[in-house]
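# can't give you the sequence, but here's the structure:
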Ligand SMILES: CC(C)(COP(=O)(O)OP(=O)(O)OC[C@H]1O[C@@H](n2cnc3c(N)ncnc32)[C@H](O)[C@@H]1OP(=O)(O)O)[C@@H](O)C(=O)NCCC(=O)NCCSC(=O)C[C@H](O)C(=O)O
Ligand SMILES: [Mg+2]
């Protein structure tokens, strides 16, 4: 379940530079659950103002259907941040469909307050990518306007001066801390990007690790990464089958006045049924998307 008790999938969350008209158009037909329309690091300084206008137009005119539309603005400590927020507050009033505003490099809860005042009524998401943000993850997650968190593992690696490892050992303290914070406050949390976008095997390893940890999905930078993320973060056929059998066995146990059932040699209690129902709800939500 996500923040609002729904099972909206966030298996694949694709970044698209706000300046790239071809990619903005292409995304209307891509099998991603959500799109981060980026005005920050994917957009060159000379393109910042132009990208804002291109993106506002796309979000008014293009049909992104069920995909969640998340706009990543520039930080308020840059010359573009305030104008990005003003432009999108106006675009939303004029009919642009925006599901959330994503704020980069959130380090404190007060970073969210500053944005919340400038764009009332729109859910906020936070990029978790600074060392201070890791230390303040719980208070950031507790913000009432916050709906989701996105790991920014490139910026985090830069701050930590860590090196890439396939097992992501240097990232684990930050990933785990943010995951705990998001889950404690019922927020969505998606994993960071895998930069080597032609390396399918490496991406699969990272997606499986993120799924095992409990992330809702993975941020992606190229359409070629969608299929692997969608598969990794969807309930597998075996998980669906087990969930169905657990629910049936537990129903039978309850009818017999018992609080515990046994399936495949393992105990099933009420808490496992909560998980089983979540798995089935997510599978249904994905089936409804048709991809
Ligand atoms: C990585 C890329 C620069 C590669 O671009 P390109 O060489 O053009 O790729 P292809 O020729 O293979 O593209 C094939 C077609 O796919 C479309 N395309 C490419 N990327 C996207 C995309 N992201 N979304 C939608 N469509 C896309 C191309 O237009 C081609 O279409 P067609 O003309 O029909 O053939 C490029 O993929 C790219 O720019 N990716 C996004 C990079 C990005 O957003 N970076 C910022 C986010 S990462 C980050 O900042 C995370 C965080 O903050 C942190 O700190 O970690
Ligand atoms: Mg970043």
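Perfect, I can see it now. Predicted, not measured: the structure shown is a model, and the values here were computed from it. Numbering: from 1, shown residues only. Ligands and ions are numbered 1, 2, ... in the order given.

# confidence score at the residue lying farthest from the centre of the chain?
When distances to the mean C-alpha position of the chain are computed (CA atoms, centre = their mean), the maximum falls on residue 256, with 41.8 Å. Looking at residue 256, its pLDDT is 98.

# ok, it to residue 277 distance?
Residue 256 sits 21 Å away from residue 277 when distances are taken as CB to CB, to the nearest Å. Every residue, glycine included, has its C-beta placed from N, CA and C.

# Look up the closest residue to residue 196, ignoring the ones flanking it.
Residue nearest to residue 196 in three dimensions, not counting chain neighbours: residue 202, with 5.8 Å by CB to CB, 6 or more residues apart in numbering.

# Apologies, that question was intended for residue 104.
Spatial nearest neighbour of residue 104, chain neighbours left out: residue 127 (4.6 Å); criterion: CB to CB, 6+ apart.

# and the one you found, what helix or strand is that in?
Secondary structure from DSSP states H and E places residue 127 in strand 124-128.

# now for that strand, which elements pack on it?
When contacts are defined as 3 or more CB pairs under 8 Å, 6 or more residues apart in numbering; DSSP states H and E, strand 124-128 sits against strand 100-103, helix 109-118, helix 131-135, helix 137-141, strand 146-151.

# Would the third one count as contacting ligand 1?
So that's helix 131-135. No. No part of helix 131-135 sits close enough to ligand 1 to count as contact by CB under 6 Å from any ligand atom; the gap is at least 11.3 Å.

# contacts for that helix?
Among residues not part of helix 131-135, those counted as contacts by CB atoms under 8 Å, 6 or more residues apart in numbering are 105-108, 126-128, 140, 156, 159-160, 173-174, 177-178.

# Quick one: the helices in the stretch 101-250 of the chain, in order.
109-118, 131-135, 137-141, 153-160, 172-184, 200-213, 226-232, 237-255 (DSSP state H, counting those that start in this stretch).
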